[in-house]
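> got a sequence here, can you build the structure:
(one chain, ligands or ions: 1)
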Amino acid sequence: MSADPRVSIHPDSSVLLAAIAARLITKLVDVQDRYGEATVVLTGGSMGIGTLRAVAESPACPAVDWSKVNVWWGDERFVDADSDERNSRQAAEALLDALPFAPERVHVPGAAGDFATADDAAADYERRLAEAAAAEHAADYSDARPDAPGRLPRFDILLLGVGPDAHIASLFPEMAGIRETQRLVVGVENAPKPPPSRISLTLPAIKSAQEVWMVVAGEDKAGAVGLALAGAGHVQVPAAGARGRSRTLWLIDAAAAAKVPEELVRKEPASA
Ligand SMILES: O=C(O)[C@H](O)[C@@H](O)[C@H](O)[C@H](O)COP(=O)(O)O
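Numbering: from 1, shown residues only. Here you go, the predicted model:
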């Protein structure tokens, strides 16, 4: 089961980021109302980190009980733990350090100093996901979630940026990661976007999320966005394969929307 994409276009990237932040806060509050906790999967890049900064700046930020938010990463750069290139470190600076997140709920993928290879760190991350899935299974959170797949905890919202080549997380066109159908996490070497070593959820893991939100801005993304929404194959255009179980939301600015098929466009009010 997966949801067809819906597209929401905002005039520019700063309006877009504020709108994504408002939407994310509202969604986290709704999920917490229902289950007592909520799970978000973060991503890197300017839009992934910009979203977190916008959440921190939002007046509605305190509406979320941040101590009951579970955090995972859709991908991480396999570099030393204290490197500024780490998605998790950038996320900490943008949002997590300023709020009362519970350390045991924040699941940072392994770093280069702790594992010999990105594959080793990926295997560790996959094991931790399975442990979280098993723990959830014993708790109310999963009782309310009969559709949760066995090897993954439930992901309520999974954020993805999109590269100009249409990569998502660290799944790049034509490479092994985007072709993976069994493993949930892979180590990636020779990524075309630096740094070259990375860890990434695979498409089956991404597609387990209840909601997948694609957060994209800039005219250099228009081609990738247009192809993805026109239904290209996911091996060539990884972003085309990203789908949530109940919602697939493309939150994009006008520049990135230049090549979106007209029938998919749903205009947001400028003030949204
Ligand atoms: O670690 C990373 O580099 C990312 O997770 C990557 O998938 C990113 O989200 C896209 O490249 C979009 O990045 P921008 O938002 O900066 O264009």
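> close to the ligand, is stretch 167-180?
Yes - contact of stretch 167-180 with the ligand (Cβ under 6 Å from any ligand atom) involves 167-169. No exception for glycine: its C-beta is placed from N, CA and C like everyone else's.
> then stretch 248-268?
No - with Cβ under 6 Å from any ligand atom as the criterion, the ligand is not reached by stretch 248-268; the gap is at least 9.6 Å.
> not counting sequence-adjacent ones, nearest residue to whichever residue of the stretch 151-272 of the chain sits closest to the ligand?
Nearest to the ligand in the stretch 151-272 of the chain, going by Cβ to the nearest ligand atom, is residue 161, at a distance of 2.6 Å. In space, and not counting its chain neighbours, residue 161 is closest to residue 45: 4.0 Å by Cβ to Cβ, 6 or more residues apart in numbering.
> didn't that neighbour look like it was pressed against residue 159?
No - applying Cβ atoms under 8 Å, one finds residue 45 not in contact with residue 159, separated by 9.8 Å.
> out of those two, which sits in the more crowded spot?
When residue 45 and residue 159 are compared on other Cβ atoms under 10 Å, the one with more neighbours turns out to be residue 159, at 26 against 21.
> so that one, which state does it fall into?
Put simply, residue 159 is strand when judged by DSSP: H, G, I helix; E, B strand; the rest coil.
> for it, which non-adjacent residue is closest in space?
Using Cβ to Cβ, 6+ apart, the closest residue to residue 159 is residue 43 (4.9 Å).
> the one you found: how many residues sit nearby?
Residue 43 has 28 neighbouring residues, counting by other Cβ under 10 Å.
> over to the one 10 residues further on?
In terms of burial, residue 53 registers 17 neighbours under the definition other Cβ under 10 Å.
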